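Asks: build me a model:
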Amino acid sequence: MTSTKEIKEWAGTDIDALLSPKPLSLEAGIKRLENGMLHVAMRNNMHQCTGKMLDWWFTYFETTADLRLWHPHDHVEHGGWDDQWVKHKNYIGATIHATESLGDIPPVPATIKFHDPADVFNPERLKEAYANGDVSAVIYGRIGFGENTPIDIDGDPMDGYMLHVVRDTARGCVLRSHFFLGALTAGTEKLLPDEIGFGLMEHCYTEFTYLSQVLPSLYYAENKTGDKAPLLW
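Replies: Numbering: from 1, shown residues only. Next up, the predicted model:
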């Protein structure tokens with residue numbers, strides 16, 4: 001399990017600041033950390049969507065067709081969830097394999113293991129942020145790339161970290177996506193190039209813009225929580 005203290009050490013920042021709606025110094029862009037890792041940020045406005053919908057999405061998608069709804073260009077293949085994933089119910093603790101490209105960067109296998117966000121954020125700050133409406137969903141995962149991406153004894157990919165923090169607004173929701181990549185090559189001469197960061201920015205903006213166009217209808221049609229679609233007439 002990764003603690004907030006450890007996250008601050010490699011991120012070089014107060015990770016809990018993502019829980020505040022106040023502007024951040026990096027809302028969209030890339031930054032090279034002191035240890036050589038690459039911090040990539042992207043901000044999306046997802047009109048007519050909510051944090052609850054986005055959190056549900058990670059319990060819903062399970063096919064390559066679903067992935068291609070999310071990004072028709074970059075998402076190549078869904079490689080499957082492990083047995084910790086339960087349709088419509090749970091993705092925390094689950095690992096997914098997929099093949100994706102980043103625009104002009106050729107497709108590569110990706111592995112993501114999802115965690116409870118309280119593993120990375122201060123639990124009390126997180127609880128308070130939910131209570132006062134500063135966040136409506138938080139998605140946290142450990143990530144790695146390549147055919148044989150290294151994993152630790154807990155099954156976590158060791159090369160990076162992914163954070164999606166959602167806040168509901170009057171017109172939908174705001175999604176802040178932050179990635180910290182290149183942990184395996186930090187402190188060496190083989191750092192991830194900036195092009196990876198710019199490609200991920202383009203990818204992240206595009207995939208959540210596409211998803212925002214289909215997510216409300218999918219959620220109301222497929223979710224099992226009893227939420228009803230609004231009457232539009």
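
Asks: for the chain, where's the lowest mean pLDDT among helices and strands?
Replies: Lowest on mean pLDDT, DSSP states H and E among the helices and strands of the chain sits helix 4-11, with a mean of 55.

Asks: so where's the chain shaky on pLDDT?
Replies: Scanning the chain for pLDDT under 70 picks out the ranges 1-13.

Asks: go ahead and flag the most central residue of it.
Replies: His164 (4.3 Å; C-alpha atoms, centre = their mean).

Asks: and the next element down the chain from the least confident helix or strand of the chain?
Replies: Once the chain leaves helix 4-11, the next helix or strand it forms, by DSSP states H and E, is strand 29-32.

Asks: counting by contacts, list what that next one packs against.
Replies: strand 38-47, helix 194-222 (3 or more C-beta pairs under 8 Å, 6 or more residues apart in numbering; DSSP states H and E). The way it works is simple: take the backbone N, C-alpha and C, and place the C-beta from them, glycine included.

Asks: one more time with 10 Å, if that's ok
Replies: Judged by 3 or more C-beta pairs under 10 Å, 6 or more residues apart in numbering; DSSP states H and E, strand 29-32 is in contact with strand 38-47, strand 172-181, helix 194-222.

Asks: direction included, what does the first one pair up with?
Replies: Looking back up the chat, that one is strand 38-47. strand 29-32 (antiparallel), strand 172-181 (antiparallel) (DSSP bridges).

Asks: show me which residues of the shortest one are buried.
Replies: Going by neighbour count (16 or more other C-beta atoms under 10 Å), the buried part of strand 29-32 is Ile30.

Asks: other residues contacting it?
Replies: Residues from elsewhere that reach strand 29-32 (C-beta atoms under 10 Å, 6 or more residues apart in numbering): 12-13, 25, 37-43, 179-182, 191-192, 194-198, 200-201.
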